[in-house]
Each structure stands twice: as structure tokens, then as C-alpha cells.
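[1] Provided below for reference: sequence and predicted model.
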Amino acid sequence: MEWPTIAQISALAPLPGGYRYAKLSQTDVPALIAGLRRWHPDIAVGGGSCYLREAFYDASVCLDDATGNDVFVGVFKRGDELVGMWSWERLPDTLAMYGRLIVIAPEHRSAKLASAVMPLAELAGRQMGAEFLFGFATLKIPHMQHALESAGFQIIGFTSGYDCEEVAPGDIRRVFEGVYCKVLVPESELVRPDPANLTPHSRALFDVLFPQPPVGGQT
């Protein structure tokens, strides 16, 4: 699962005029951290807070021309100005890709840069050989839920306390999040579980999320 180049990404999902993609460079890390603090103050708490630590980029992120690390950070630029970022993580052992984070500077959100990256996850994932995409969506606001659903992702459940947020000044709580996925292989390659191996609760939820396809295409 090799990361796509910026040239490949630009061809897969062109941006509006005046904007361009770039791979995060070591020299851009301090500016990105400062930008994230301004663009998305809530990131200081919870799973996204690692993006505020330079050590995280040194240890885990593919910077400049490096390709060995499993976290990719791309940035949006207008001229030389950083105006947003997105991040994926590859899981080669399961041929999966995790959509970790998308943040756009408030003054550039009208350019719909995040909307360009949502379909890009599937396009780049297929090019890399990924067979499964997944991500989490905050339930504090509906925007990411709408974006994932518009890109064809399916909600498959909710986490009860996986991450935490500052729900009021100084009040940090564990929260619910939506879990979304997209399978990039044909349904014929999926093995459905034997109902005999599911508890009643598991089977009830499974049947709601993944109903049995009609026989012969009949409805």
C-alpha cells in the first residue's frame, strides 16, 4: 500500500482555482500546528491532540519524500499559505485505510476543500490497494455525518466513549461518535456470519445494518 504522490492526488480530485495540494514537509510542521490551534481549538483534547505535538510527526508521519510511516498528512495551500489539512492512516495488514482528520481554516471553508477530499479517500484507497475505509464522525454537529454519507459511507454503529471532548469550558467528557465505513470489494467477497454463531442482540443489530440481499434480485 504505497501512498499516492501529490501529482496523482491532484489528478484524482482537482481543487478549485487558486488552491493546491501539498504533502506536509518538516518545515511546515510548526505552521500547521499553529494553524490547527486557530482553526479547530477543540483539537487540544482527545484523539486529534497528537497533531499538536511535533514528536508525533517525527515518529509517525510521512514527511517530505519519506513513504515508510503509516500516517499521511496532506495540506491545502493557497499560494504559500497553509489553509487546511487532511490525514489518513494505512493499515497494511488488513488492507484498510482510516480517515483520521480533516480541518479547514474557517475563512476558506466556502471553497469546499473538504468535499474534494471525501471522494479522494476512495480513489486513493483503490489506487493503493485498500479494500476497506473507515472513520469516525462527531455527533456534536452534523457536518461530517453529511459529508461521509454523501460520499457513500455507511454508518455501522456508535462508539460509547472512545474519544473525549471539552463539552463546556474545563469540562472534559467521553462522548459518542458515529462509525462509518466503505467496503471496496464486491459483496460476493464478503463472508456473512452464520446466524447460529450470533447472540440474539448481535443478530438483531446485524440484520438491521446488513439485511440479507433479496434472492435473485427480487424485492
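    The structure has been received and is ready for your questions.

[2] I'd like the next helix or strand past the strand ranked longest in the chain.
    Taking DSSP state E as the criterion, the chain has its longest strand at strand 154-168. Later in the chain than strand 154-168, the nearest helix or strand by DSSP states H and E is strand 171-183.

[3] Tell me which other helices or strands the longest helix along the chain touches.
    Counting residues, the longest helix found in the chain (DSSP state H) is helix 113-128. Applying 3 or more CB pairs under 8 Å, 6 or more residues apart in numbering; DSSP states H and E, one finds that helix 113-128 makes contact with helix 6-12, strand 81-91, strand 96-104, strand 132-138, helix 143-150. Every residue, glycine included, has its C-beta placed from N, CA and C.

[4] average pLDDT for it?
    For helix 113-128, the mean pLDDT works out to 90.

[5] tell me which residues of it are tucked away?
    Leu113, Ala114, Ser115, Ala116, Val117, Met118, Leu120, Ala121, Glu122, Ala124, Gly125, Met128 (16 or more other CB atoms under 10 Å).

[6] Would you agree Gly161 is in contact with Glu177?
    No - counting by CB atoms under 8 Å, Gly161 does not reach Glu177; the two are 9.2 Å apart.

[7] So if I had to pick from those two, which one is more boxed in?
    Glu177 (22 against 10; other CB atoms under 10 Å).

[8] got a pLDDT number for Arg53?
    96.

[9] so what's it closest to, chain neighbours aside?
    Nearest residue to Arg53, sequence neighbours excluded (CB to CB, 6 or more residues apart in numbering): Ile33, at 8.0 Å.

[10] Could you report the neighbour count for that neighbour?
    16.

[11] That one in helix, strand or coil?
    Taking DSSP: H, G, I helix; E, B strand; the rest coil as the rule, one finds Ile33 in the helix state.

[12] what about Arg173, how many neighbours?
    Residues near Arg173, counting by other CB under 10 Å, number 11.

[13] List the beta-bridge partners for it.
    Going by DSSP bridges, Arg173 is paired in beta bridges with Glu165.

[14] these two touch, right, it and Val167?
    Yes - the criterion here is CB under 8 Å, and Arg173 meets it with Val167 at 5.0 Å.

[15] mind listing what Leu148 touches?
    Leu148 sits next to Met118, Gly135, Ala137, Ile155, Gly178, Tyr180 when contact means CB atoms under 8 Å, 6 or more residues apart in numbering.

[16] State the distance from it to Asp65.
    Look at Leu148 and Asp65: by CB to CB, to the nearest Å, they are 31 Å apart.

[17] Over to Ser150?
    Relative to Asp65, and taking CB to CB, Ser150 is found at 34 Å.

[18] Can you report how many residues neighbour Gly152?
    Gly152 - counted by other CB under 10 Å - has 12 other residues nearby.

[19] Can you say which of the contacts of Leu148 are buried?
    Buried among those by 16+ other CB under 10 Å: Met118, Gly135, Ala137, Gly178, Tyr180.

[20] Without its sequence neighbours, what residue ends up closest to the spatially most central residue of the chain?
    With distances taken as CA atoms, centre = their mean, Gly99 lies nearest the centre of the chain, 1.8 Å away. Distances taken as CB to CB, 6+ apart put Gly135 closest to Gly99, at 3.6 Å, once the chain neighbours are dropped.

[21] Likewise for Gly157?
    Going by CB to CB, 6+ apart, Gly157 has Val179 as its nearest residue, at 4.8 Å.
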